[in-house]
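[1] pasting the structure only:
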């Protein structure tokens with residue numbers, strides 16, 4: 001316990017409902033949490049507008065939280081590079097030169113052959129070209145599933161440092177690859193690393209950031225992710241695939257070093273009983289604000305006590321498995337987990353990642369011979385990066401629900417306009433490059449600003465603290481398994497229905513996404529993680545069916561935002 005009895009009775013809790021809070025005694029919060037009453041004091045705080053006061057981070061706190069996010073951004077950019085690598089690799093390996101039983105690019109064979117040397121021969125890419133993107137996606141769910149247990153044992157920062165090792169190793173294997181199997185091994189290793197880092201990156205930023213900054217800091221990781229994709233496209237336009245692979249090792253190495261200079265998540269440290277380390281970390285993250293540090297430590301200790309008490313009942317392996325399953329199917333975990341997975345499934349079917357993996361081929365199919373597909377793919381990646389930056393700004397101004405609905409409707413409109421144009425045109429013309437280019441970039445921009453950026457934010461915001469490791473890993477496993485199915489099946493679907501049919505599927509899925517968000521996704525802007533947890537403890541399943549009292553409370557928060 002961080003506070004003694006005299007301090008406990010007099011300490012006042014500034015508990016942010018964004019940047020606004022009701023002042024309640026730490027003792028009352030303790031009793032509510034330990035009795036599993038879902039912090040009724042905090043729910044009551046919204047009834048009286050005059051009791052709400054403002055809390056904002058000082059400059060030191062903002063700077064400290066940005067440094068933590070900065071280390072995550074380096075790794076996120078490094079994770080984006082293998083995602084976009086298939087768009088670089090596939091066109092270059094549509095044909096491969098086998099020289100002395102080695103895989104090489106045409107320009108790597110220099111000078112005349114000596115007498116007796118075997119002639120190089122051009123052969124088709126060994127196996128299906130679709131194996132390159134799909135094998136990466138196949139390995140990613142495995143990393144996601146394993147990240148959950150490691151997240152709770154090694155910590156958030158420890159997991160991120162560990163993930164940088166296989167990411168760097170995968171690039172090295174690809175850079176030295178002399179045959180197709182070695183290349184695929186490198187893709188598998190890098191795919192595992194990308195899956196392994198997904199949950200820890202979102203959780204670390206979510207647990208260290210203030211509610212007011214959480215949205216922009218989590219979303220900035222997706223901007224860095226998009227920058228990594230843009231970077232790999234740019235390298236691919238300038239260098240051969242093996243040189244590009246070696247370039248990919250730089251960011252993971254820098255990220256590994258950077259994490260040595262930022263603290264571990266205070267929430268995880270408290271759960272591990274490392275209270276003094278948690279105090280020092282949180283004091284640094286809150287810019288030296290001792291009162292705020294004591295407040296948050298008190299809440300973290302109370303919640304950790306409750307979780308540890310529940311877990312201590314499960315001593316045997318069988319009971320632990322049963323306890324883990326009970327945690328996942330409990331309403332406060334199952335409800336947000338279901339929302340995230342349905343959102344992700346509709347997001348994937350709207351083409352969010354398909355256009356990343358198959359950027360060059362998609363642009364070629366959409367624009368025909370009148371479009372420079374490589375240049376268009378780079379511009380597409382640049383568009384995604386810029387709209388990720390825009391999303392960071394918008395998350396400070398508008399709610400998550402509004403942004404998601406706007407993004408889904410914009411994605412649908414751009415897709416359906418593209419479908420209509422390609423359906424009515426009779427032959428290719430110079431106008432195609434302009435009309436289809438506008439539609440394609442509008443699609444990427446609208447999709448990126450919400451559908452692309454929000455799932456990671458949901459992981460850090462919607463899942464309760466005691467389940468972020470196991471539930472987050474399970475969620476990323478499901479997401480990456482669906483991503484594997486999407487990338488593996490897209491060429492077949494594209495061959496069956498054509499590019500027009502594919503974008504018709506994208507547009508329809510985006511409309512369904514907008515409807516789902518309106519019905520089910522709760523508004524979490526400016527809410528503390530504890531308040532979001534409390535929302536899912538309540539009986540209502542859908543956001544639109546929440547009680548009248550909750551609606552009034554939401555109105556108070558929005559007026560103060």
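    Thanks, I have the structure now. All values reported here derive from a predicted model rather than from experimental measurement.
[2] which residue is nearest the centroid of this structure?
    Centroid-nearest residue in the chain: residue 456, 3.3 Å away (criterion: CA atoms, centre = their mean).
[3] next one: phi and psi at it?
    Recorded main-chain torsions at residue 456 are phi -60, psi -40, according to degrees, to the nearest 10.
[4] The closest residue to it other than its chain neighbours - how many residues pack around it?
    Of all residues not flanking residue 456 in the chain, residue 202 sits nearest, at 4.8 Å (CB to CB, 6 or more residues apart in numbering). Heads up, the C-betas are built off the backbone N, CA and C, glycines and all. Neighbour count of residue 202, defined by other CB atoms under 10 Å: 27.
[5] mind checking how far residue 202 is from residue 272?
    Here residue 202 is placed at a distance of 20 Å from residue 272 (CB to CB, to the nearest Å).
[6] What residues does residue 282 make contact with?
    For residue 282, the contacting residues are 266, 293, 296-297, by CB atoms under 8 Å, 6 or more residues apart in numbering.
[7] ok, the closest residue to it other than its chain neighbours - contacts?
    In this structure, residue 282 finds its nearest non-sequential neighbour in residue 266, 4.2 Å apart by CB to CB, 6+ apart. The contact partners of residue 266, by CB under 8 Å, 6+ apart, come to 207-208, 278-279, 281-282, 285, 296-297, 300.
[8] rerun that using 6 Å as the cut-off
    Going by CB atoms under 6 Å, 6 or more residues apart in numbering, residue 266 touches 278, 281-282.
[9] Include secondary structure and distance to residue 392 when you put these into CSV, please.
    Output for the contacts of residue 266, formatted as CSV (DSSP: H, G, I helix; E, B strand; the rest coil; distance: CB to CB, whole Å):
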residue, secondary structure, distance to residue 392
278, helix, 28
281, helix, 25
282, helix, 24
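[10] name the helices or strands packed onto the helix or strand hosting residue 403?
    Counting by DSSP states H and E, the element that carries residue 403 is helix 400-424. Helix 400-424 sits against helix 432-447, helix 468-520, with contacts defined as 3 or more CB pairs under 6 Å, 6 or more residues apart in numbering; DSSP states H and E.
[11] mind running it again at 8 Å?
    Applying 3 or more CB pairs under 8 Å, 6 or more residues apart in numbering; DSSP states H and E, one finds that helix 400-424 makes contact with helix 373-397, helix 432-447, helix 454-462, helix 468-520.
[12] Pick the most deeply packed of these.
    Across these, averaging neighbours per residue (mean count of other CB atoms under 10 Å) puts helix 454-462 on top, at a mean of 25.
[13] Identify the residues contacting that one?
    Here helix 454-462 makes contact (CB under 8 Å, 6+ apart) with 198-199, 201-203, 205-207, 214-215, 218-219, 221-222, 336, 339-340, 343-344, 347, 395, 400, 403-404, 407, 468, 472, 475-476, 479, 522, 524, 527, 529, 532, 536.
[14] now the end-to-end length of stretch 264-274.
    Terminal residues of stretch 264-274 are spaced 11 Å apart (CA to CA, to the nearest Å).
[15] Pull the number of nearby residues for the nearest residue to residue 507 once chain neighbours are set aside.
    Using CB to CB, 6+ apart and skipping the chain neighbours, the partner closest in space to residue 507 is residue 415 (3.3 Å). By other CB under 10 Å, the residues close to residue 415 number 28.
[16] check contacts around residue 415.
    350-351, 439, 443, 503-504, 506-507, 510 are the contacts of residue 415 under CB under 8 Å, 6+ apart.
[17] Next: residue 283.
    Counting by CB under 8 Å, 6+ apart, residue 283 has contacts 289-290, 293.
[18] Kindly recompute the last result at 10 Å.
    Counting by CB atoms under 10 Å, 6 or more residues apart in numbering, residue 283 touches 61, 64, 263, 266, 289-290, 292-294, 297.
[19] can you count the residues close to residue 423?
    The tally of other residues near residue 423 (other CB under 10 Å) stands at 10.
[20] err, residue 424, not the other one
    Count around residue 424 with other CB under 10 Å applied: 7.
[21] distance of it from residue 494?
    20 Å.
[22] By neighbour count, which bits of the host helix or strand of residue 194 are buried? Give me those.
    Here residue 194, judged by DSSP H and E, is contained in helix 180-208. For helix 180-208, burial by neighbour count (16 or more other CB atoms under 10 Å) applies to 180, 183-208.
[23] and the angle for that helix with helix 454-462?
    On the basis of axes from the mean of the first three to the mean of the last three CA atoms, to 10 degrees, helix 180-208 is oriented at 40 degrees to helix 454-462.
[24] moving C-terminal of helix 180-208, what's the next helix or strand?
    Taking DSSP H and E, what comes next after helix 180-208 is helix 211-238.
[25] Can you give me the buried ones in that next one?
    Buried residues in helix 211-238, counted by 16+ other CB under 10 Å: 211-236.
[26] With stretch 284-300 instead?
    Using 16+ other CB under 10 Å as the burial criterion, the residues of stretch 284-300 that qualify are 284-287, 289, 292-300.
[27] So which of those is the closest to residue 430?
    residue 285 (55.6 Å; CB to CB).
[28] right, and the closest one touches residue 60 too?
    Yes: the pair residue 285 / residue 60 is scored as a contact, 9.4 Å apart, by CB atoms under 10 Å.
[29] residue contacts, residue 352?
    Residue 352 makes contact with 344, 346, 384, 411, 443-444, 447-448, 451-452, 455, 483, 486, 506, 509-510 under the criterion CB under 10 Å, 6+ apart.
[30] Check residue 71 too.
    Neighbour list for residue 71: 157, 160-161, 201, 204-205, 254-262 [criterion: CB under 10 Å, 6+ apart].
[31] From residue 187, how far off is it?
    According to CB to CB, residue 71 stands 25 Å off from residue 187.
[32] Check residue 295 too.
    Using CB to CB, one gets 47 Å for the distance from residue 295 to residue 187.
[33] Could you do residue 348 as well?
    Where residue 187 is concerned, residue 348 sits at a distance of 20 Å (CB to CB).
[34] Residue 153 too?
    To residue 187, residue 153 is 28 Å away according to CB to CB.
[35] repeat for residue 152
    Separation of residue 152 from residue 187 (CB to CB): 29 Å.
[36] Relative to residue 404, how far out is residue 521?
    Distance of residue 521 to residue 404, computed by CB to CB: 6 Å.
[37] Find residues that contact each of these two.
    With CB under 10 Å, 6+ apart as the test, residue 521 and residue 404 both reach 343, 454, 458, 513.
[38] what's the nearest residue to residue 174 if we skip its chain neighbours?
    residue 186 (3.4 Å).
[39] Contacts only, for that neighbour.
    With CB under 10 Å, 6+ apart, residue 186 has these contacts: 82, 85, 135-136, 169-177, 245, 248.
[40] Try it again at 6 Å.
    170, 173-174.
[41] Then residue 349?
    residue 509.
[42] Dihedrals phi and psi, it?
    The phi/psi pair for residue 349 (degrees, to the nearest 10) is phi -70, psi -10.
[43] now swap in residue 274 and tell me
    phi -90, psi 70.
[44] Could you count how many residues lie near it?
    16.
[45] Model confidence score at it, please.
    With respect to pLDDT, residue 274 scores 91.
[46] how near is it to residue 267?
    From residue 274 across to residue 267, the span is 11 Å (CB to CB).
[47] just residue 382 next, same as before
    Distance, residue 382 to residue 267, by CB to CB: 36 Å.
[48] same question, residue 438
    45 Å.
[49] now residue 223: how far from residue 64?
    From residue 223 to residue 64 the distance is 20 Å (CB to CB).
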